[in-house]
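K.L.:
Quick one, fold the following:
(chains A and B)
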Amino acid sequence: MVMHIVDRRLNPGSKSLENRQRFLRRAKALVQGAVKKSSQDRDIKDVLEGGEVTIPLDGMDEPRFRREGGTRDMVLPGNKKFVEGDWLQRPNQSGGKGSGAGEGDSEDAFRFVLSREEFVDLFLDDLELPDLAKRKLAETESEGLQRAGYATSGSPANISISRTVSRALARRVALRRPRKDDFEALEAELAECDDPARRRELLALLEALRAKAKRIPFIDPIDIRYRRFETVPKPVAQAVMFCLMDVSGSMSEHMKDLAKRFYMLLYVFLKRRYKHVEIVFIRHTDRAEEVDEDTFFHGPASGGTLVSSALVAMNDIVRTRFRPADWNIYAAQASDGDNMTSDSGLTGLLLTDKILPVCQFFAYLEVGEAANYTFDMPDSSLWTLYERLRNDGAPLSMRKVSERGEIFPVFQDLFKRRTSQERV
Amino acid sequence: MGSSGERLFEGADWDFQTLQRIHDACEEVARKELGLDVYPNQIEVITAEQMLDAYSSVGMPLFYKHWSFGKQFAFQEASYRKGLMGLAYEIVINSSPCISYLMEENTATMQTLVIAHAAFGHNHFFKNNYLFKQWTDADGILDYLEFAKGYIAVCEDRHGRETVERTIDAAHALMSHGVDRYPGKKALDLRAEEKRAGERRQHEEAVFNDLWRTVPNTKAKSKATLSAERRRALLGLPQENILYFLEKTAPRLAPWQRELIRIVRHIAQYFYPQGQTKVMNEGTATYVHYRIMSRLHQQGRITDGNFLEFLQSHTNVVFQPEFDDRRYSGFNPYALGFAMMQDIERIVKNPEDEDRDWFPDIAGKGDVEGVLREIWSNYRDESFINQFLSPALIRRFRMFHLHDDPAESQGIKVDAIHDERGYRRVRRELARQYDVGFVDANIEVMDVDLDGDRRLLLRHTTVKGAQLNETDARRVLQHLADLWSYDVVLTEVDGTDKVLKEYVVSPRAAAVAA
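P.N.:
Predicted structure coming up:
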């Protein structure tokens, strides 16, 4: 009998991907809750890793008619010492197998593994870039070139050789331009031919062929084709994220950690929206400098506090490296709120005139010591300044944070999907 | 059968030529020696990931999409990754051609084992067992699944995924009560009806006896009873196939919803024989692979090393932990099935006096393969164990029967053990554990209140005091009520028709049926 062997290994895998997505969609609210809960305990870095979550099975159950209780009879293997008529102690309730306890457990909670993408998607699902950013996103388009067929005119650099040659070939075939073989055949015959009449005839033929070949050029100007390009508007798909942080002596490790977590979240979020995200770290005391990540979070620094210095530095970097037309600019500033009183005027001016107009989003995060409750923190000088600016209509987002656990809620609060025109 | 062949393969590696050689060698033994009759084979090589995929679509190569399969997949993937669960070496599908999936990781020896097991053992069983013949259509199943998948996808486009999912959820909940347990009565056509009426008249004339006239009549049934009986007869009640009943009579279902229910019902029916023949099916396949592998070894077509590798996995497969072992989770169908097949071989070949007493029909008959083929064709687990579990095997497994009556304060009673007095009782009880009649709750649609509020009345006849789990029962009944779109009443009664419990469930506001 004929037997067939089919190699299915090359078939596209993950046939159950769609079922899995359906399941996740259905359990979305539950999974989302679990994701948030599990992300609170983790390092923000690990948020990107996906991982195992446990969800309760409400609404995900598949009930069946199932019986329990009553008299039970069972036949078991491996009798060692029982004889007919023996009485056995009932095992403790917990040991009773099949009595529902065991089945119940597995039904109540459900563990499974989420991939990295699934995790991040669910994690950030109900977040959205603020309205402001979306408006700008639509406007800031740059132009790109795109191939658009062929044209009969153009710059010599754009000649499409393959297209030109194939058109020339078609034309030569259509007009029956004599080929090299034809000449060779006639010439060979001529060389061997002794009959003068035939020679004359051959010479005339050759002459006619040469004339024809001359009349029909190998490549004619009408064959030439140029590659044509069209300009198309292209949405900007890159973003730069400025991390500004006060590193003066008053910032403790705890505060830096809070700031770091916020930056991480922002990075994850932007990364999902933009193809390319760059990060610029600017730390400042009474003067600002651009540093690498490690120095940013761990490098020692001391001095007073001048927020304006960081804004100046950011403005310079934007001017030299990130043209606002090409880049979506995001900035997040973290500070304990201290600033020299004399600096307030300059800071305010820089923000409203230079920084905010080019930014999609500017967030200010005021970090406090762990013990402090956010509500108890007296308004700092920077907070007071920013609040005033905001009341004047500057698009600023600001929050106070003093506990790790608050970071995500604050972040979510800043970016949550808004239905109406309300402002952050 | 001397040592007729050269080696099928060397080492653990294989390619498609090797598979072909293995298949041909197995086929030779299967046909000539065991006399198997199989569907054409189609062997498909798959990866571990594809095996996981197959798990979550009940092993079928194509299946409709539903979130519950995704849930199962997520669950299985998690336990597979943690190493809690190994994957099967193969999956075999009751179709024609018979499709066997082989994992690419298997060694050449394992592929031989799997081909012998699935492509010949299971395949023969699928083709010849009466339950499969009666209830499944091996030629049509793949086409039907293709149709089902397409139909459900179209429904989702047309009526929205959520509505479709709700209907399928409801149907899935009732899947275990969506099978016909007996071949249905065929509706008679008019000509047959007329013929039967004629026969009946002839019979009456032939046996006419005037004396009957003098026998007092029973009291005539009241008009109400008659109309109730007539109504029930029209609706085909009582009906234990709840899905069938809903498909045909639920008042407010859209035609496509009826078709969905029908699809779920057909699939439940397709898998129905598999649940009833686990021990036999696996026993047959294990016995067949054991015979084939031993013969290939004897012929020198596989090496001693390969044979040892085979024996190791074979021993793992037929391992039966004892009841007090932590690994114990009921009888291993491979172990019990294989032991019974081998025991039958022994009884047919070298019976002892005891066997002659117990199995006069087959003891010493000599034709092992013939006897086994006949058994494979005509039994299911329950009847197979009831007939062929021998005292020798009961002793070997040291089986004993426990009777646990919650009302008994003394504890659990050892009712029978592997001794002269106990053999028959142990055997009967074990057979009963495999009886679908006892495994599934006996729930029937009894009546519909057509004059009043269209309540659907169901009855659960309890066996040995086991009642339904209340939470689950309510959830299932909720689905049922949503499909029926009026109230549903389920009464639980004991053997004497005493009502133990009554559930009344109303359909949800946004019910399935519009």
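K.L.:
From the structure, what's the count of residues near the closest residue to residue A:72 other than its chain neighbours?
P.N.:
Computed as CB to CB, 6 or more residues apart in numbering or on different chains, the closest residue to residue A:72 that is not its neighbour in sequence is residue B:404, at 4.4 Å. C-beta: built from backbone N, CA, C; applies to glycine. Per other CB atoms under 10 Å in any protein chain shown, the neighbour tally for residue B:404 reads 17.
K.L.:
and what of residue B:443?
P.N.:
21.
K.L.:
Spell out which helix or strand contains the residue of the stretch 151-300 of chain A found nearest chain B, please.
P.N.:
The stretch 151-300 of chain A approaches chain B most closely through residue A:272 (22.7 Å), counting by CB to the nearest CB. For residue A:272, the host element (DSSP states H and E) is helix A:253-273.
K.L.:
Give me the next element, helix or strand, following that helix.
P.N.:
Trace forward from helix A:253-273 with DSSP H and E and the next one is strand A:276-284.
K.L.:
Distance of residue B:388 relative to chain A?
P.N.:
The gap separating residue B:388 from chain A is 15 Å, by CB to the nearest CB, to the nearest Å.
K.L.:
Quick one: residues contacting that residue.
P.N.:
B:340, B:343-344, B:359, B:375, B:379 (CB atoms under 8 Å, 6 or more residues apart in numbering or on different chains).
K.L.:
most surrounded residue in those?
P.N.:
residue B:344 leads those on contacts (other CB under 10 Å) with 23 neighbours.
K.L.:
Just give me the residue right at the centre of chain A.
P.N.:
Nearest to the geometric centre of chain A sits residue A:272, at 3.1 Å (CA atoms, centre = their mean).
K.L.:
looking at it, that one is touching residue A:119, isn't it?
P.N.:
No. Counting by CB atoms under 8 Å, residue A:272 does not reach residue A:119; the two are 11.5 Å apart.
K.L.:
ok, which stretches of the stretch 301-424 of chain A are strands?
P.N.:
A:328-335, A:361-367, A:397-401 (DSSP state E, counting those that start in this stretch).
K.L.:
Report the mean confidence score over the helix or strand harbouring residue B:387.
P.N.:
Using DSSP H and E, the element containing residue B:387 is helix B:381-388. Mean per-residue pLDDT for helix B:381-388: 93.
K.L.:
So what's the gap between it and the chain middle?
P.N.:
Here the centre of helix B:381-388 is set off from its chain's centre by 15 Å, with CA atoms, centre = their mean, to the nearest Å.
K.L.:
Report how many residues lie close to the closest residue to chain B within chain A.
P.N.:
In chain A, the residue that lies nearest chain B is residue A:78 (2.5 Å; CB to the nearest CB). Residue A:78 has 15 neighbours, counted by other CB under 10 Å.
K.L.:
number of nearby residues for the closest residue to it other than its chain neighbours?
P.N.:
Distances taken as CB to CB, 6+ apart place residue B:322 nearest to residue A:78, at 2.5 Å, with adjacent residues excluded. Neighbour count for residue B:322, taken as other CB under 10 Å: 14.
K.L.:
next one: the one 5 residues further on
P.N.:
Here the neighbour count serves as a burial measure; for residue B:327 (other CB under 10 Å) it reads 9.
K.L.:
What sits closest to residue B:304 if chain neighbours are left out?
P.N.:
Closest to residue B:304 by CB to CB, 6+ apart is residue B:297, at 7.6 Å.
K.L.:
and the stretch 251-400 of chain B, which residues reach chain A?
P.N.:
Counting by CB under 8 Å from any CB of the partner chain, the stretch 251-400 of chain B comes close to chain A at B:320-325, B:328, B:331, B:397-400.
K.L.:
scratch that, the stretch 51-200 of chain B
P.N.:
So the stretch 51-200 of chain B meets chain A at B:52-53, B:56-57, B:65-71, B:73-75, B:77-78, B:81, B:97, B:101, B:104, B:119, B:165, B:169, B:172-173, B:175-177 (CB under 8 Å from any CB).
K.L.:
give me that answer again for 7 Å
P.N.:
Within the stretch 51-200 of chain B, the positions near chain A by CB under 7 Å from any CB of the partner chain are B:53, B:56-57, B:65-71, B:73-75, B:77-78, B:81, B:104, B:172-173, B:176-177.
K.L.:
Going through these, which ones are buried?
P.N.:
B:53, B:56-57, B:65-71, B:73-75, B:77-78, B:172-173, B:176-177 (16 or more other CB atoms under 10 Å in any protein chain shown).
K.L.:
I'd like the domain boundaries of the chain, if you could list them.
P.N.:
Using chain A. A:17-58+A:108-123, A:131-140+A:236-415, A:156-228 (automatic domain parsing).
K.L.:
sorry, should have said chain B
P.N.:
B:16-129, B:318-437, B:438-505.
K.L.:
Make JSON lines from the ones you listed and add distance to residue B:216 to it.
P.N.:
JSON lines is the format used below for the domains of chain B (distance: least, CB to CB, whole Å):
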{"stretch": "domain B:16-129", "distance to residue B:216": "52"}
{"stretch": "domain B:318-437", "distance to residue B:216": "39"}
{"stretch": "domain B:438-505", "distance to residue B:216": "28"}
